[in-house]
Structure formats: C-alpha cells, structure tokens
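Novice: Dropping the sequence and predicted coords here.
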Amino acid sequence: MNQQKLPNATAVLVLGIVSIVSCCCYGVPGIITGIIGLVLYKKDNALYQQNPTLYSDYNNLKTGRILSIIGIILSILTIFYLIFVISYIGWDALSDPELMQERMKDLQNH
C-alpha cells in the first residue's frame, strides 16, 4: 500500500523547533508558535487515528508535539523570570547600566 504523509507533520515539527528557539524573545513568540503547533498536532493526530496504515510520518508529528510542549514551558519560565527581574530590579534599571549595577549591589548587601 502506498503511504502518504500527514498534511501538517512537518509544520508541527518546525513550529516546535521555532517555539524552543523563540522562547528567548520575551516568551511570547514561543507560546504562540507552540500553541499553533499543538493545534495542528491535534488535527493530524485525529486524522492518523482514523486510519493509521495510510500515513507514514507519525514520528515527526509526535516529535513536533513534544518540542511544542517544551517550547511553551520554556516560554512560560522566561516570562516568569522577566516578571521576577522587573519586580526586583525595576523597569528603569533595565535601560540604565549604572542604575542596574547600583540595584544589584543593593540586592547583594541585603
């Protein structure tokens, strides 16, 4: 039997990789691409479950799902870290290196 590829398996894999790479961009792009990857995974997984013998690249789909989940988790952790840094150091210190050093010294002395 001639097996065909799932329509979005490669897209899910690419979106999972992009979500991991883009988690460093303040976390938002990683969450967006990870969620899109999971939505496409859900559609293709339902298609695969209807007729598993018809499709050949289910492993790419599963790998993309795992990468999307990891990307979402890393993005959420990045956002929490940024909230933590902004709450302790302040938004104004992020753009002023001298003020940043002063606040870091204050935090170390306490």
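Specialist: Structure's in. What do you need? Just so it is clear, the structure is predicted and the values come from calculations on it, not from any experiment. Numbers count the residues shown, from 1 in each chain.

Novice: quick one, strands of this protein?
Specialist: With strands called from DSSP state E, the chain shows none.

Novice: center of it, which residue is that?
Specialist: For the chain, Gly71 is the residue whose C-alpha lies nearest the centre (Cα atoms, centre = their mean; 2.4 Å).

Novice: Can you check what pLDDT the model gives the closest residue to it other than its chain neighbours?
Specialist: Nearest residue to Gly71, sequence neighbours excluded (Cβ to Cβ, 6 or more residues apart in numbering): Ser19, at 2.7 Å. C-beta here means a position set from N, CA and C on the backbone, and glycine is covered the same way. Each residue has a pLDDT score; the one for Ser19 is 97.

Novice: quick one on the thing from earlier: enumerate every residue touching the residue nearest to the centre of the chain.
Specialist: Gly16, Val18, Ser19, Ile20, Ser22, Cys23, Gly30, Ile31, Thr33, Gly34, Gly37 (Cβ atoms under 8 Å, 6 or more residues apart in numbering).

Novice: OK, contacts around the nearest residue to the fifth one once chain neighbours are set aside?
Specialist: The spatial neighbour of Ser22 that comes closest, neighbours along the chain excluded (Cβ to Cβ, 6+ apart), is Pro29 at 3.9 Å. Under the criterion of Cβ under 8 Å, 6+ apart, the contact list for Pro29 reads Val18, Ser19, Ser22, Cys23, Ser75.
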